[in-house]
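Colleague: The sequence and its predicted three-dimensional model are supplied below.
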Amino acid sequence: MSAKRAAAWYRWDQVELEDVNEKLSRRLITGHQVMLAHVYLKKGCVVPKHSHMNEQFTYILEGALKFFVGDEAEEVVVRAGEVLHLPGNVPHEAHALEDTLDVDVFSPPREDWLKKTDAYLRK
């Protein structure tokens, strides 16, 4: 017999806003196997090159991000209405070309974000 899991309902404006640094903040909703994040980046924000074992989808709602993806740092500009898929362990960096709101989806959830050990973002 399987255990019942309760459904959960959220409103983004009621999810705690975490200021990670002066140009980046986020709101996190986490399930057992997936994390959903609203990430707010001010123009000029740089997410330094990093990689993680988590599969990632980045869906731009507003603004634009320039990514440098893989060992060859291939440039990809992702704009409102577009999605970038990053398999696990692929190095990437992002630059906010304008004020940007994106939805990031991670599987499994990012433990470093939950534990606030993501030092590469907190500089």
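Modeller: Looks like it came in fine.
Colleague: Show me where this structure has its helices.
Modeller: Counting by DSSP state H, one finds helices in the chain at the ranges 111-114.
Colleague: got the contact list for residue 78?
Modeller: Residues near residue 78 by CB atoms under 8 Å, 6 or more residues apart in numbering: 58, 60, 64-67, 84. Where you see a C-beta, it was placed from the backbone N, CA and C, and this is true even at glycine.
Colleague: correction: residue 47
Modeller: Listed by CB under 8 Å, 6+ apart, the contact set of residue 47 reads 24, 41, 93-95, 120-121.
Colleague: let's see it at 7 Å
Modeller: By CB atoms under 7 Å, 6 or more residues apart in numbering, the contact list for residue 47 reads 93-94, 121.
Colleague: what does residue 21 give?
Modeller: Residue 21 touches 121-123, counting by CB under 7 Å, 6+ apart.
Colleague: Tell me the confidence at it?
Modeller: Per-residue pLDDT puts residue 21 at 97.
Colleague: Repeat that for residue 120.
Modeller: We note a pLDDT of 93 for residue 120 in this prediction.
Colleague: ditto for residue 2
Modeller: 53.
Colleague: Look up which residues are beta-bridged to the residue nearest to residue 109 when sequence neighbours are not counted.
Modeller: Spatially, and ignoring its direct neighbours in sequence, residue 109 is nearest to residue 35 (3.7 Å; CB to CB, 6 or more residues apart in numbering). Beta-bridge pairing of residue 35 under DSSP bridges involves residue 30, residue 106.
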